[in-house]
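>>> Fold the following and give me the result.
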Amino acid sequence: MPLGSERILETRQIAVLSVLSALCIGVQLTPRPPNVEFTSLFCFLTGFLFGSPFGILLGALTMFINGFLSPWGLAGLNLPFQMAGMAIIGFAGGVYRKTLQSERFSVIHFVELPVMAAFLTLLYNLITNFGFALIAGIDLIFALIMGVWFTVIQVVWNTFLFTAAFIPMVEAIRKVWSGSAKP
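Presented below is the predicted three-dimensional model:
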């Protein structure tokens, strides 16, 4: 359901979008180990459920807010690169939804999701390390080497998180939308 479509969000959908947005921003601003984050999952999930424009918006907005309020300090000039990287992850969620042949998940999705998580996380880190290299005036390879441990942590974490949490979250949200969730 892309922006500008004739379909209007239902109350339950607005509630889910609001909760996902609040969770995404709230968890991103919570002190935690470096590169152990939930933002990638929430932005991908938002893109998957509501379409790429919503995923892009949530990714960019979350990183913009994080850029000023992060427990790790200001993002500085790297902020646009962080926003672009997370917006791509939100965009990818919407694209993934459009490629599905069925609304039901199968075993193949437990292979696709970790591969996508690893790829998107590597892409995000490449973009942000490129921004850092550009701003600091250092070689990109040197910036990638400096950030290799952070990248490894984030790739492993996101691969695990997407594999373990994405499908159960989608199924739970579908129950809320259908009204079959028990209070």
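
>>> buried residues in the helix or strand containing residue 89?
Here residue 89, judged by DSSP states H and E, is contained in helix 79-99. The neighbour-count check on helix 79-99 (16 or more other C-beta atoms under 10 Å) flags 79, 81-94, 96-97 as buried. Using the backbone N, CA and C atoms, a C-beta is placed for each residue, glycine as well.

>>> now swap in stretch 160-176 and tell me
161-163, 166, 169-170, 173.

>>> likewise stretch 119-139?
Buried-residue list, stretch 119-139, by 16+ other C-beta under 10 Å: 120-121, 124-133.

>>> would CSV of those with distance to residue 12 and pLDDT be doable?
Shown next, in CSV, are those (distance: C-beta to C-beta, whole Å; pLDDT from 0 to 100):
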residue, distance to residue 12, pLDDT
120, 28, 98
121, 30, 98
124, 30, 97
125, 35, 97
126, 37, 97
127, 34, 97
128, 35, 95
129, 40, 95
130, 40, 96
131, 38, 95
132, 41, 94
133, 44, 96
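
>>> which of those lies closest to residue 36?
Distance to residue 36 across the buried residues of stretch 119-139 (C-beta to C-beta) is lowest for residue 121, with 11.8 Å.

>>> Quick check: that closest one touching residue 40?
Yes: Residue 121 lies in contact with residue 40 (C-beta atoms under 8 Å); the separation is 6.4 Å.

>>> intersection of neighbour lists for the two?
Contact criterion C-beta atoms under 8 Å, 6 or more residues apart in numbering; residues bridging residue 121 and residue 40 by contacting each: residue 158.

>>> Contacts for the helix holding residue 89 next, please.
Contacts for helix 79-99 (C-beta under 8 Å, 6+ apart): 39-40, 43-60, 62-64, 66-67, 75, 112, 116, 120, 123-125, 127-128, 130-132.

>>> All set, thanks.
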